[in-house]
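Q: Sequence unavailable; structure follows:
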């Protein structure tokens, strides 16, 4: 689908950058693995978010539990893995994923968003480089909590969840 060719100009730990030729012009494209994000709702109807430091933002952000898919990993098993690692939640009833591009103007990263309800708590096992604080919002706090969110996938996920309740 790229008639002009592609050359890799950067390979990093978290992303690659390709220069692609399209219609006689070159474009830089950030290549990232696909991502899963989960709106985790426990048996009491509460939403659990993760609060963690994000170096590009230079501060902590409240986010949905999320993470990159491993090579060859399907979205649902990846989402279950990420949710259990970051929060300890497991089981529950899972929606079919909604997917969207994060920033299609320059980045090839797709998010697969799940809503998981009736989750059972358990022990979390975050990656060694993750320092995560869990933040629980009771059902009546979710709508008003939207104003605190700055992460796009989290805003999208919470709004889609609230829309589904109507």
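A: Yep, that arrived. Not measured: the values here are computed from a predicted model. Residues are numbered from 1 along each chain as shown.
Q: The residue located most distally from the centre of the chain and residue 4, how far apart?
A: In terms of distance from the mean C-alpha position of the chain, residue 24 ranks first, at 34.2 Å (CA atoms, centre = their mean). Going from residue 24 to residue 4 by CB to CB, to the nearest Å gives 7 Å. For glycine as for every other residue, the C-beta is placed from the backbone atoms N, C-alpha and C.
Q: Could you do residue 107 as well?
A: Going from residue 107 to residue 4 by CB to CB gives 19 Å.
Q: so where's this structure shaky on pLDDT?
A: Counting by pLDDT under 70, the chain contains low-confidence residues at 1-3, 126-127, 130, 166.
Q: Show the residue spans covered by the strands in this protein.
A: For the chain, strands defined by DSSP state E occupy the ranges 6-11, 16-22, 25-31, 35-42, 47-54, 59-63, 66-68, 93-94, 98-101, 107-108, 110-119, 133-137.
Q: any idea which of those strands is most buried?
A: Highest mean neighbour count of those: strand 35-42, a mean of 24 (counted as mean count of other CB atoms under 10 Å).
Q: Please state the offset of that strand from the chain centre?
A: Taking CA atoms, centre = their mean, to the nearest Å, the mean C-alpha location of strand 35-42 is offset from the chain mean by 8 Å.
Q: again, but for stretch 15-32
A: 23 Å.
Q: Start and end of it, how far apart?
A: 5 Å (CA to CA, to the nearest Å).
Q: repeat for stretch 67-84
A: Length of stretch 67-84, first residue to last, CA to CA: 11 Å.
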